[in-house]
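> This is the structure alone, sequence omitted:
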């Protein structure tokens, strides 16, 4: 057996005895994947770059669309949501009260303006009397009364315009402040809702691996935002993801046929064809100090019904032309 490959190869070889490395063959480790699997990542939520996984549906469980599959520790989000909701209600009340107060002032100003219009109309009745028909003192008094009423009307109209402008400004300002409070509440509410992650499609729950430790992610782990937590996969569009040791890179090419066996007993091997191979190696420190290239293989029509996403596999790539 190729000593460069990780110890997983040896375990798989014992389980999948039907796949034996012949001379001129290269062993590859891999995993069955759903091409259209739902990837579940740690969301970026207010309060920190990390968050603890509180609960996850058991790995391998079959889930339906909209099922809750992951719950995250909400931390302070519950208290923040309550505060944001209280702040929003308070902001709405304050805005409504301020607007109502100004509406009353506008109503008072409208009444003052209406009274001023009436006063002008009454003063005009006296002011239009010809000067030669009444005593001069009465005529001048009527003219002064009209001028005074007109000035009072001008002041009332200006005051009304100012009150209406103040009301419009208050309504705009209140709308902005309420909208800001609504956005803040929606942000916290959505963040709290995001601590419950739901399945977007039916399938099987598969836990991801922590890229820093190489081990499976489980409830209780604390992860950075953006790291994959799990995936939900089905058998509708399967592929085989493989890792090629850097020393075997030139021996494995696109279009090459593979014989693949799963790590579960009783499942017959099946054929697959490499459809893509990376050109840059990545480190897998949990395996060795060497570099590994990724490749994707498409299963043939002989794919056993028992093959499921998440299964580890051992593949034999024929490098002699005899596979």
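Sure thing, it's come through. Predicted, not measured: the structure shown is a model, and the values here were computed from it.

> which regions of this structure sit below the pLDDT cut-off?
1-24, 319-323 (pLDDT under 70).

> biggest helix in it by residues?
Ranked by number of residues, the top helix in the chain under DSSP state H is helix 136-193.

> Give the next helix or strand downstream of that helix.
Remark: after helix 136-193, the chain's next helix or strand is strand 196-198, criterion DSSP states H and E.

> Just checking the distance from that following strand to the centre of its chain.
A distance of 11 Å separates the centroid of the chain from that of strand 196-198, by Cα atoms, centre = their mean, to the nearest Å.

> What residues sit buried inside it?
197, 198 (16 or more other Cβ atoms under 10 Å). All C-beta spots, glycine's among them, are computed from the backbone N, C-alpha and C.

> What lies in contact with it?
Contact with strand 196-198 is made by 40, 43, 66, 67, 68, 69, 70, 71, 72, 229, as judged by Cβ atoms under 8 Å, 6 or more residues apart in numbering.

> Drop anything exposed from those.
For these, buried by 16+ other Cβ under 10 Å: 40, 43, 69, 70, 72, 229.

> Residue 47 versus the nearest residue to the fifth one once chain neighbours are set aside, what's the distance?
Excluding its sequence neighbours, the residue lying closest to residue 72 (Cβ to Cβ, 6 or more residues apart in numbering) is residue 195, at 4.2 Å. Between residue 195 and residue 47 the distance, using Cβ to Cβ, to the nearest Å, works out to 11 Å.

> again, but for residue 210
Distance from residue 210 to residue 47, counting by Cβ to Cβ: 22 Å.

> So these two - more neighbours on which side?
Ranked by neighbour count (other Cβ atoms under 10 Å), residue 210 and residue 47 place residue 210 first, with 17 against 13.

> distance of the closest residue to the more buried one other than its chain neighbours from residue 201?
The spatial neighbour of residue 210 that comes closest, neighbours along the chain excluded (Cβ to Cβ, 6+ apart), is residue 217 at 5.4 Å. For residue 217, the distance to residue 201 (Cβ to Cβ) stands at 20 Å.

> Report the secondary structure state of the residue nearest to residue 187 when sequence neighbours are not counted.
Nearest non-adjacent residue to residue 187, counting by Cβ to Cβ, 6+ apart: residue 46, 7.1 Å away. Secondary structure state of residue 46, per DSSP: H, G, I helix; E, B strand; the rest coil, is coil.

> In contact with residue 64, which residues?
By Cβ under 8 Å, 6+ apart, the neighbours of residue 64 are 199, 202.

> repeat that for 10 Å
198, 199, 201, 202, 203 (Cβ atoms under 10 Å, 6 or more residues apart in numbering).

> Off-centre distance for stretch 303-311?
In terms of Cα atoms, centre = their mean, the gap separating the centre of stretch 303-311 from the centre of its chain is 31 Å.

> buried sites along it?
Buried residues in stretch 303-311 (16+ other Cβ under 10 Å): 303, 307, 308, 309, 310, 311.

> Nearest to residue 286 among these?
For these, the residue nearest residue 286 by Cβ to Cβ is residue 310; the value is 17.8 Å.

> The closest one belongs to a helix?
No. Under the criterion used here (three-state DSSP), residue 310 is coil, not part of a helix.

> That one contacts residue 235, doesn't it?
No. Using Cβ atoms under 10 Å, residue 310 makes no contact with residue 235, being 11.1 Å away.

> Count the neighbours of residue 225 for me.
Neighbours of residue 225 (other Cβ under 10 Å): 13.

> Which one's more surrounded, residue 217 and residue 201?
residue 217 (21 against 16).

> For that one, give me phi and psi.
Note on residue 217: its backbone torsions stand at phi -90, psi 140 [degrees, to the nearest 10].

> Closest to the centroid, which residue in the protein?
Closest to where the C-alpha atoms of the chain average out (Cα atoms, centre = their mean) is residue 43, at 6.9 Å.

> how deep is the closest residue to it other than its chain neighbours tucked in, by neighbour count?
Leaving out its chain neighbours, the residue that sits closest to residue 43 by Cβ to Cβ, 6+ apart is residue 194, at 4.9 Å. The local packing of residue 194 (other Cβ under 10 Å) involves 15 other residues.

> And for residue 169?
11.

> Distance check, it against residue 96.
16 Å.

> And for residue 277?
For residue 277, the distance to residue 96 equals 65 Å [Cβ to Cβ].

> ok, these two, which is more surrounded?
residue 277 (18 against 12).

> Enumerate every residue touching residue 47.
74, 75, 76, 77, 80, 188, 191.

> Domain-wise, how is the chain divided?
Per the record, the chain has its domains at 1-36+234-323, 40-73+198-233, 77-193, by automatic domain parsing.
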